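J.: Here's a sequence, model it:
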Amino acid sequence: VRIEQAIAQSYARGGDGRWVLRPNGDRTTVQVQAATRAEPAGFLPVYNDDVRDALDDIAYRLFGFSTLRPFQHRILQRVLTGRSVLGIAATGSGKSECFILPSMLLPGFTVVVSPLKALMQDQFEQRIKERYGLDFLCTYLNGEVPMRERDRRLRLLEQGYYKLVYVTPEQLQRDWVIESLRRAHQKVPGGFRYLAMDEAHCVSQWGHDFRPAYLNIVQRLRQHGLEPTVIALTATASPQVREDLCRELQLDQRPIEQGGDVLVDASNRPELNLIVRVVDSTQCKAEEIARRLRDLLARNRADPAQKGAAIVFMPWTGHNEREADRSSPRVTEFAAWLETELGTRVAIYHGKMDEERGEDDGAKPQPTTVPPLGSMWGRSRRDEQNAFIRGERAVMVATKGFGMGVDKPNIRLVLHRTPPANMEAYWQEAGRAGRDGDLADVVVYFSPDAPSSGMSDHDIQEVFLREKYVRPVDVQAMVAFLQTLQHTRAGTRYFTADEAIAFLERPGSGYLWPEFERPRHSAWDEHGEILNRGHHYEEKCKHLDRIVQALQSFRPFIEGRFVSLIDEAHDCGAELVRVSLDRRNVDRIFESNLYFGGLLREKERQIPDLRERFYALVRGGDVLALANLLALPVHETGALLWDIRRAEGQSKDQGKGQRRWRGELLDFSTIRPPLRGPAAGKTTLQAWRDYAGASRRAPMEVAKERAERAGRNHPGIDDWIGWSEVSQRRGWEVRLGDAFAHPEHLQRYVEAFVEQMERRERYDWEAYQRFLTEYIGVERTAEGDWKLRAGRLPCLRGVVLGYLKTYEVVTGASCLSCSRCVPDLAFSTDLEARRRVIERLRRELADLLERLERVPDRWVAPGEIDEL
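T.: Next up is the predicted model:
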C-alpha cells in the first residue's frame, strides 16, 4: 500500500506501457503491460518515514539490500523530490544505486555520463546485468557500439523501452544524439528526468581526471530545452573541485544542511591497509612487486574458494609489445617481465590498445598460435578486461584509466609502481581494493633513482605536468592565430598543423618553440636526417595540441560566469582517402531509415541539388566543403561519413591475419587533414618526407619484404621509410569561446586565463609535493637528492582524510591499519575497532576550522576563536 500510494502510480513508460513490480522469490522482475499514454508524473511530494520504509523494501527486492544506507537515503530524499545534488562518498558506498533506483521508480529516463568505455562496460555487465538483472531496461552508447546498433538503441529510447542509458561525454557532443534525447523527452512520459554524472570529478578543471568533453554538458542540454535533475557522484573531490563542479553543473555549492546542493559523506575505507614503501632502486621496487604478487598467487592456489586479485598501476601505456623490462614505467614492458617472472598470464589495460578505427577496421593481426609468456602483441582492451573481471587472470597491469569505477569485489592488492599526481588520484585508484568489505593491502612505492632505461619517479610526474601546461607566449600566439581563420557555416574554425606552424614561424613573429626532448634514434646517416626532421615536426604538432587543449580546459570565472577561449576542440581530418562511391548508392544513403538518411533529406529541402553536390564533394574527398554545404561542424560531418561507411558492408580478410571493413554504401580508408599552407602540393612520398620527416624506420624484415616486392636486391630509402613511417598530418576544428565575442575585453580575458592556468599549475605542483612529503614521507635536499623525512610522521589515514576534507579524523594514537601506525604491518583484523578510531567532526567545529584556515598567515587570537 505504501509503495502504491507513494510511487507506483508513477510507473509509466513510453507511449504504451506501465511498470508493474512482481515478486519472484528474492528478486523483482519488471514487466511491460499495454496501457494508454499517461501524462508525465512529477516527483514525490514528500519523503517521510513511510516512503523511507517503502524504498527499503524496494531496494531489497531490486538489489538485495537489507536496508538502504543513511547516505543513500539522503541522496534519494533530494532527487526523488526533484532537487539536484553533488554527493561525495567512499568507494563501495552504493553511489550507483542512487541513480539506478530513482530511474526505476519514476517515469521518464535517466542518462548516465560515464568517463570510460571500460567503466561503462563493467557497470552494465557486472552490476546492471549480472547482479540486478535489469539489462533489458538499460543500454549504453559509445564509439565501440556499431553505428546501426547505436541508431537502433536511440530509436528504442524514443519509444520508451529504456529507463537507463549510459553514454560517454563524447556522445553528448554529437548533435544527432542530443536530438534523439530531445525527441525521447517529448515522447516518453516523464521525459528526460535525471542526468547522472558518474565519477563527477572528471567535470572539474581542477580534478585529477579532468576531461574537456565534460565541459558545457548541462549548458548544451539546456540549449535544446532539456533540464534534467542532476545527480553528480564521486568518491574524491577536494574543496576546490567541489566548488568548480558546482559552477559547471549549476549547483549551489553550500552543504545541504545550509540549503545548498552538496552532500559530503565519509571517505574512510577501514578495510584497506595503507602501506608506503620507499626503496633504494627501481630494481628493488620491481622485485618486491613480483614477490607480493607471487604470495597472492600462492594463496589462491592454497584456497581456490577465496581467490583474490591484484592491480598494478603504471604511469605510462606501452612502447614495445615484445620487450620485457623490469625497470620500465610502461604497462606493456613491465607486464611482459612480470609474466615471465611469475610464470603465468597477466592482463593489461591502457588507452592506446585497440584505438578505434571502425568495426574490424585496420585491426592488428591476431596471433594464430598461443603467444609465449611475455608477449603483449595482439591483445585487446575488452578481452583483457573481461579475463580479469571473470577471474581468468588474477593480475591486471594498467594505467590510471582502469582505476575509475571498475567493480570487482575480490581485489586484495593494489600496487602503485610510481606515486600518482596527488592524494585524490591515489585514493581513487587505491579504492579499487576491498570492495567486498574484506581486508586488502594498498601499497605505493617510491624510489629516488633514474634507471638506465627510464626516468625517476619524480621525473615522470614532472613530464606529466610539463605536458599539461603551456607558456603565456603560447596562449598569446594561438589567440592571434585563431583570429586570422575564417569561420565555417557552423560557426567553427578549421586549421592544420602546417598552417599554425607557418604562422608562428613567420618573419618578425618573435615566437620561439620550447626546448624539445632530444630524438631517441641512433641513426646518423640519411635516415638520421629524416628522423630528426620528423622528430621536430611531431614535437611541434604535439605542442600545438597541448596549446589547443589548454585553451579549451582552463576557463577563468569572471563577473559571475565562466569565460572560455575555446568552447570545443576536435582533433580531426577534412580529406577522404581512397574513396569509393557509386552514384546509385547516393540515393540509398539519402533514403536510408537510419539517422543520416533523415538528416540528409531534411537538408535536401533547403538544397534541391544536394544529392549531386554530395556525390561530387564526397568523390573529391572534400569534407570541409561538404561540412560547409550541410552547415555542420567538420568533425560532425566526418563522423556522419564514418557512420554511412559502417552502416552496410562486411569485414574482409586482407591477408596475414588483418581484416578491413568494406563499406557497401560508401567506402574510404581514412579521413586525414588536407595539405594546406607550406604543405600544399606535397603529395608524393619523397616530397612529404623531405618536408615533415618520419617518426621511425621500418623493421628489417618489413624493409626487405618491400624491396623484394619491388624487385630490388637491397632495401632503399622508400623501403626503410615509407608512408607508414613518415610523420602524420594533424588538424583541429575549434569553436571559439565567448572571450572572442568581446574584442575590447579579449586581452583582459587572456590575462585572466593565463593567471588561472598558472594558478592551476602551482596547485598541481603543491598537491604533488604534499603527497610526497606527507604521505610518502620524503623530501628533497638542497643538493637535489631525496631523503626520508626526520621525526615522527603523521598517520597515513589521517593524511588522506585531512586532504579530502570529509570532516573525519583519527582519534587516539593509532589507526590500526597503516604502515606508520603499525610499522611491522601486523594490522588489526577487527574491522569494528578500525572503524571506531575514526570519528566525524561536528558541523560547527568543521565550519570553525574552515574559517580559521582562511587566515593561514597569522595566529588567531583566543577572543576571535570564542567569537567564531
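J.: what about the helices in the stretch 351-500 of the chain?
T.: For the stretch 351-500 of the chain, the helices identified by DSSP state H, counting those that start in this stretch occupy 381-389, 423-430, 457-468, 472-482, 497-504, in order along the chain.
J.: ugh, typo on my part, it should be the stretch 151-300 of the chain
T.: Using DSSP H, counting those that start in this stretch, the helices of the stretch 151-300 of the chain run over residues 175-187, 217-223, 239-249, 282-302.
J.: Just say which of the ones you listed is most tucked in.
T.: The highest mean neighbour count among the helices of the stretch 151-300 of the chain, using mean count of other CB atoms under 10 Å, belongs to helix 239-249: a mean of 21. The way it works is simple: take the backbone N, C-alpha and C, and place the C-beta from them, glycine included.
J.: Could you list every helix and strand in contact with that one?
T.: Counting contacts by 3 or more CB pairs under 8 Å, 6 or more residues apart in numbering; DSSP states H and E, the secondary-structure elements packed against helix 239-249 are strand 85-88, strand 229-234, strand 262-264.
J.: So for stretch 829-849, first residue to last residue, what's the gap.
T.: As for stretch 829-849, its first-to-last residue distance stands at 33 Å under the measure CA to CA, to the nearest Å.
J.: next one: stretch 445-462
T.: Criterion CA to CA; first-to-last residue distance in stretch 445-462 is 17 Å.
J.: Which positions in that stretch come out as buried?
T.: Buried residues in stretch 445-462, defined by neighbour count with 16 or more other CB atoms under 10 Å: 445-449, 451, 454-458, 460-461.
J.: can you list these in TSV and add pLDDT?
T.: TSV is the format used below for these (pLDDT from 0 to 100):
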residue	pLDDT
Tyr445	97
Phe446	96
Ser447	93
Pro448	90
Asp449	86
Pro451	78
Gly454	74
Met455	85
Ser456	90
Asp457	91
His458	91
Ile460	91
Gln461	90
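J.: Need the max-distance pair from the residues you listed.
T.: Comparing every pair within these by CB to CB identifies Pro451 and Gln461 as the most remote, at 15.8 Å.
J.: ok so, going back, any idea which of the helices of the stretch 351-500 of the chain is most buried?
T.: helix 423-430 (a mean of 25).
J.: would you turn the helices of the stretch 151-300 of the chain into TSV with distance to Pro329?
T.: As requested, the helices of the stretch 151-300 of the chain are exported to TSV (distance: least, CB to CB, whole Å):
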stretch	distance to Pro329
helix 175-187	37
helix 217-223	33
helix 239-249	27
helix 282-302	8
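J.: Pipe those helices into a markdown table and attach mean pLDDT per row.
T.: Compiled in a markdown table, those are given as follows (pLDDT from 0 to 100):
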| stretch | mean pLDDT |
| --- | --- |
| helix 175-187 | 94 |
| helix 217-223 | 90 |
| helix 239-249 | 88 |
| helix 282-302 | 96 |
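J.: now for this protein, which residue lies nearest the mean position of the chain?
T.: In the chain, the centroid-proximal residue (CA atoms, centre = their mean) is Pro115; its distance is 4.1 Å.
J.: Now do the contacts for that one.
T.: 168-169, 198-199, 202, 209, 211, 214, 404 (CB atoms under 8 Å, 6 or more residues apart in numbering).
J.: Tell me where the stretch 751-868 of the chain has helices.
T.: 796-804, 831-836, 843-853, 862-867.
J.: How far off centre is the longest one?
T.: Spelled out, that is helix 843-853. The chain centre lies 34 Å from the centre of helix 843-853; the measure is CA atoms, centre = their mean, to the nearest Å.
J.: now the second one
T.: Put simply, helix 831-836 sits 34 Å off its chain's centre (CA atoms, centre = their mean).
J.: counting contacts, what elements does it pack onto?
T.: Using 3+ CB pairs under 8 Å, 6+ apart: helix 831-836 touches no other helix or strand.
J.: quick one: contacts of that helix?
T.: Identification of contacts with helix 831-836 by CB under 8 Å, 6+ apart yields 268, 270-271, 437, 439, 815-817, 828.
J.: rewinding a little: in strands only, show me the contacts of Pro115.
T.: Under the assignment DSSP state E, these contribute nothing to strands.
J.: between these, which is closest to Asn300?
T.: The closest of the contacts of Pro115, once distances to Asn300 are taken by CB to CB, is Met404, at 25.7 Å.
J.: domain assignment for this protein?
T.: Each domain of the chain is listed here as a residue range: 2-264, 272-462+764-843, 469-569+730-741, 573-672, per automatic domain parsing.
J.: any chance of the ones you listed in JSON lines, with distance to Gly681 too?
T.: Converted to JSON lines, the domains of the chain look like this (distance: least, CB to CB, whole Å):
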{"stretch": "domain 2-264", "distance to Gly681": "34"}
{"stretch": "domain 272-462+764-843", "distance to Gly681": "27"}
{"stretch": "domain 469-569+730-741", "distance to Gly681": "11"}
{"stretch": "domain 573-672", "distance to Gly681": "14"}
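J.: Having no further points to raise, I will conclude here.
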